[in-house]
Structure formats: structure tokens, C-alpha cells
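Trainee: Return a 3D structure for these sequence lines:
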Amino acid sequence: MNGKGISVTLAMALMATLVAACGGGTNGKEVTGAPEPKAEEPAKPVNTGPREITMYTGGASLDEKGFNEQYGDAIRKKFPDVKLNFVPNAAGTKMADLIASNTTIDIVFDSIGYANTMKDFKIQVDLTPFISARKMDLNKFEPSAIEFQRKLGNGVLYSLPVWTASAGLFYNKDLFDKFGVPYPKDNMTWTEVFELAKRLTRNEGGVQYVGYVTSPGHQANTNQLGMKFVDAKTGKATLDSDDWAQYMKSIVQFYQISGMEWNATNSAIAAQRAMFEKDRVAAMYTNYSGGTPPEDMNWDVVSVPYYDKAPGVGPQSYPAYLSITNLSKNKELAYDIVSYLVSEEYQTLNTRAGRATVLNNPEIIKQYGQGLAKFKGKNVAAMFPAKRAAIGDYTPEETLVSAQFSTAYTDIVVKKKDLNTAMREANEAANKKIEELKQKK
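Mentor: Numbering: from 1, shown residues only. Predicted coordinates for the structure are as follows:
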């Protein structure tokens with residue numbers, strides 16, 4: 001656990017929700033005395049033209065301050081002779097605006113929610129020749145993040161992952177202590193967590209406590225069963241299938257535990273997160289988008305529970321990617337920078353700052369958030385599943401159906417519709433929107 005012409009606008013709707021649910025992953029006080037990551041060899045100059053690079057973000061969440069903290073400062077330190085520019089995604093600087101004004105964009109940073117941006121504008125560059133020439137080992141990456149890009153590019157690799165969202169079942173230790181319930185453990189099943197939630201959903205002293213809350217949209221989009229929202233053969237929505245009905249049931253059962261009344265307001269994603277982080281009346285919360293609880297909460301985390309039919313399989317990765325555009329006049333230099341940002345050196349720095357690495361490197365993984373005081377003593381390894389479900393398709397059609405899944409969830413938990421009716425009507429609405437999209441193409 002959340003434009004680009006027709007398909008960009010659709011994808012941005014989901015991304016806005018995902019970004020809204022994401023905060024908190026990198027806030028905290030620095031821990032002093034932490035070991036510095038081992039420096040790698042500086043990139044060698046390979047361009048004869050001006051060493052100037054412009055980076056652009058496809059998402060609206062990254063401003064210049066955030067860019068410098070996450071990328072800019074590290075790049076300028078590594079490449080002191082490069083003039084680095086940043087263009088945010090804002091009014092007047094959307095991708096279409098920049099292309100229309102012949103603005104040079106060298107590198108694009110996009111989350112997976114904007115996976116089709118480069119493709120839609122036909123500005124992608126095949127990174128294979130650069131990767132081959134520099135002998136980059138792609139096996140160092142978490143496999144699904146690379147497999148997704150190969151699938152998106154029909155075998156061609158246009159982007160490299162730079163960080164991903166960690167995921168975990170967070171819990172408020174104070175509430176477990178208050179009610180004498182044992183803490184969750186790693187490798188639990190959803191059935192076991194449901195039993196815990198029942199014991200923690202209660203009214204005490206006039207305060208209504210809730211055992212478990214989540215972001216249903218994130219949970220569905222990164223589902224551990226590898227289910228798709230659209231049938232690849234028919235192009236139709238799949239929400240009316242038994243698999244999606246059972247998946248929905250696995251989520252809404254938590255909201256049907258006796259004691260708590262849900263409505264359109266308190267069932268919203270932001271409201272549920274506030275129950276856990278601000279009001280502290282929710283005992284457990286799954287976060288699929290990289291956020292973590294406030295520093296002043298007595299919290300810890302275990303692995304996202306498994307489904308009985310997929311033991312040991314964690315949620316899908318939700319990576320962000322770096323791409324080089326065909327608008328760039330400095331493609332070699334742009335690749336030097338991209339290569340640095342996916343290197344062990346930068347990945348260690350970034351991971352210590354609370355942004356999960358995309359590398360399959362246990363030594364880097366165990367340093368997740370260790371540059372921040374709030375992570376001290378936490379079970380951070382739980383947020384990195386040993387095995388992940390394959391990443392979904394993230395097509396505009398999938399985004400449309402995903403939105404209808406969220407609508408069905410709300411209709412069910414507020415008791416507006418029963419599960420079968422909600423899923424059937426959501427499927428019908430999704431297919432109608434898919435047809436409307438086809439007509440516009």
C-alpha cells in the first residue's frame with residue numbers, strides 16, 4: 001500500500017490514493033555513529049557535451065526539497081561537475097507540457113502507478129545496450145521488479161527500479177498489553193490474524209477499539225495470490241469471479257466483527273490509518289506503501305500474513321523506476337547517474353533513510369531505516385518478504401477495475417449491498433468504463 005493523456009489520467013486517480021496513504025516512512029531523528037556505506041568507484045565522464053542533466057518526476061508527491069533529500073544531494077556529491085536540474089509534476093509542467101515546449105528531459109522518476117507514461121508518449125529508451133556495455137548484473141535486483149518491466153516492454157528493458165515500498169502488519173503493543181492479547185508473530189496466516197482481531201475489537205470505558213484496519217485498495221493491488229483485475233484474453237473485468245469474491249471476503253470479514261459500526265467516513269483509507277496512528281484505537285494495520293507508525297507509538301511489525309493457498313508468498317512489490325528519455329542529449333551521462341542510483345553505495349544510503357532497497361542484498365536490507373531513531377529495535381526484516389507474488393499489469397483497464405473493487409468494499413462494509421451484489425455490480429460498472437475507454441482510444 002493510491003497526466004498522460006487518457007490513460008495517464010486514469011492511472012493518476014489510483015496513484016493519488018496510494019500516495020495519500022504513504023506518509024511517514026522517512027520521518028525521524030538521525031542516529032549518530034552509523035557506519036558509512038562503502039564508496040564505489042566514481043563514474044567516469046563519457047560525454048563530450050555539457051554535463052547537464054534534467055530529472056522529472058511523474059508523480060505529484062515529489063517537490064524540489066523532497067527531490068534533493070532523496071536524489072539531488074547524493075547525485076551532486078557523486079557528480080560534482082554535473083549541473084543537475086529538477087522539474088516537478090505540476091501545473092504547466094506535466095509531461096505533455098514539457099514535450100510541447102521542447103523541454104529536454106534526461107531522466108524520469110516514476111512509481112509503478114505511472115508505468116505507462118513513457119510508453120504513451122513514446123519517449124522510452126532501451127537500456128539493454130548500456131547494461132551490456134557496463135556489464136550490470138540484473139540478478140542483483142529483486143526479480144519481480146525486473147520481470148514487470150520486461151513484460152511492460154514486451155521483452156525490452158526501458159527502466160530500472162530504484163526503490164520499493166516495504167509492507168508489513170504493524171501493531172500497537174500498548175493495546176495488546178492493555179487487553180492481555182499476545183503479540184502477532186511472523187509467518188502468521190490471515191485466519192490467525194482474524195482470530196486476534198476478534199479479541200481486540202471491543203468497547204471499553206466508552207471507547208470503541210478495533211482489531212484490524214487496512215487500505216483495501218493497496219491490499220488488492222498488491223495481492224499475494226497474483227490475481228488480475230482484467231482477463232487478458234477477453235479484456236473484461238474479473239470481479240465477478242469466485243476468486244475475487246473470496247478475496248473480498250477475506251478483507252471485509254474484519255469489518256463485520258461485532259461491535260464496530262462502519263460508515264462512508266470511517267471506512268475511508270485516511271480515517272482507518274488515523275485510527276491506528278493518531279487515535280490509537282486500532283490494534284493492527286497493514287501498510288503496503290512504505291509508511292511506518294509515528295516515532296512516539298510503541299509499535300512493532302511482523303510479516304504480512306499469508307493466505308492458506310499461497311503459503312510463504314508476500315505481497316507484490318510496489319517499486320519506483322528510473323528511465324532515460326529519447327529527448328536526452330546526454331544519454332550516457334544519464335545512464336551513469338541511473339547506474340549510481342541503483343548501486344550498492346546509493347541503495348545503502350537510501351535504505352538507511354527508510355526507502356526500501358530494490359536489491360537482493362541481505363546486508364543492505366537489514367539496514368532498512370537504521371539511519372532513523374524510530375526504527376531502532378524494530379523487526380524491519382519482516383517488511384521484506386523472501387518471496388513476492390508477481391507484479392500485476394497496471395494497465396489503464398486494470399486501474400479502472402481496481403477503483404470498482406474499492407467501491408464494492410465500501411458498499412459491503414457500510415451494509416449498503418451484500419457481497420455478491422456489490423461484486424456483480426462493480427464488475428458491470430468496470431466493464432462499462434472499459435468500453436468507454438476503448439471508444440476514446
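Trainee: Only C-alpha atoms from now on, for both contacts and neighbour counts.
Mentor: OK.
Trainee: Three-state assignment for residue 345, please.
Mentor: helix (DSSP: H, G, I helix; E, B strand; the rest coil).
Trainee: what's the spacing between it and residue 283?
Mentor: Relative to residue 283, residue 345 is positioned 37 Å away (Cα to Cα, to the nearest Å).
Trainee: Compare the two (neighbour count), which wins?
Mentor: Neighbour count, other Cα atoms under 10 Å: between residue 345 and residue 283, residue 283 has more, with 25 against 17.
Trainee: my guess is the more buried one meets residue 178, correct?
Mentor: No: Residue 283 is not in contact with residue 178 according to Cα atoms under 8 Å; the separation is 10.5 Å.
Trainee: For residue 81, the count of nearby residues, please.
Mentor: 12.
Trainee: excluding its backbone neighbours, what's nearest it?
Mentor: residue 51 (7.1 Å; Cα to Cα, 6 or more residues apart in numbering).
Trainee: pLDDT weak spots in the protein?
Mentor: For the chain, applying pLDDT under 70 flags the ranges 1-49, 60, 115.
Trainee: Go again with 80.
Mentor: 1-50, 58-61, 113-117, 441 (pLDDT under 80).
Trainee: Could you break it into its assigned domains?
Mentor: With domains defined by automatic domain parsing, the chain comprises 30-165+318-383, 168-314+395-440.
Trainee: Distance to residue 389 added to those domains, as TSV?
Mentor: Listed next are these as TSV, based on distance: least, Cα to Cα, whole Å:
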stretch	distance to residue 389
domain 30-165+318-383	8
domain 168-314+395-440	5
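Trainee: before we move on, the earlier item: so how far is residue 292 from the residue nearest to residue 81?
Mentor: 38 Å.
Trainee: Please apply the same query to residue 210.
Mentor: 19 Å.
Trainee: before we move on, what about residue 388?
Mentor: For residue 388 relative to residue 292 (Cα to Cα), the value is 20 Å.
Trainee: who has more neighbours, those two?
Mentor: Using other Cα under 10 Å as the criterion, residue 388 and residue 292 rank with residue 292 on top: 26 against 21.
Trainee: show me where the stretch 251-400 of the chain has helices.
Mentor: 269-277, 331-341, 344-352, 362-365, 396-413 (DSSP state H, counting those that start in this stretch).
Trainee: ok now do residue 328, which residues does it touch?
Mentor: Applying Cα atoms under 8 Å, 6 or more residues apart in numbering, we find residue 328 in contact with 104-107.
Trainee: what two of the residues you listed are the furthest from one another?
Mentor: 104 and 107 (9.6 Å; Cα to Cα).
Trainee: so what sits against both of these two?
Mentor: Counting by Cα under 8 Å, 6+ apart, the residues touching both residue 104 and residue 107 are 54, 328.
Trainee: Compare those two (neighbour count), which wins?
Mentor: Here residue 104 and residue 107 are compared on neighbour count by other Cα under 10 Å; more neighbours surround residue 107, at 25 against 17.
Trainee: If we ignore the residues flanking it in sequence, what's nearest residue 276?
Mentor: residue 282 (4.6 Å).
Trainee: Dig out what the one you found forms beta bridges with.
Mentor: residue 210 (DSSP bridges).
Trainee: Around it, how many other residues sit close by?
Mentor: 25.
Trainee: repeat for the one 4 residues further on
Mentor: Summarising burial for residue 286: neighbours were counted as other Cα under 10 Å, giving 26.
Trainee: That's all I had, so thanks and see you.
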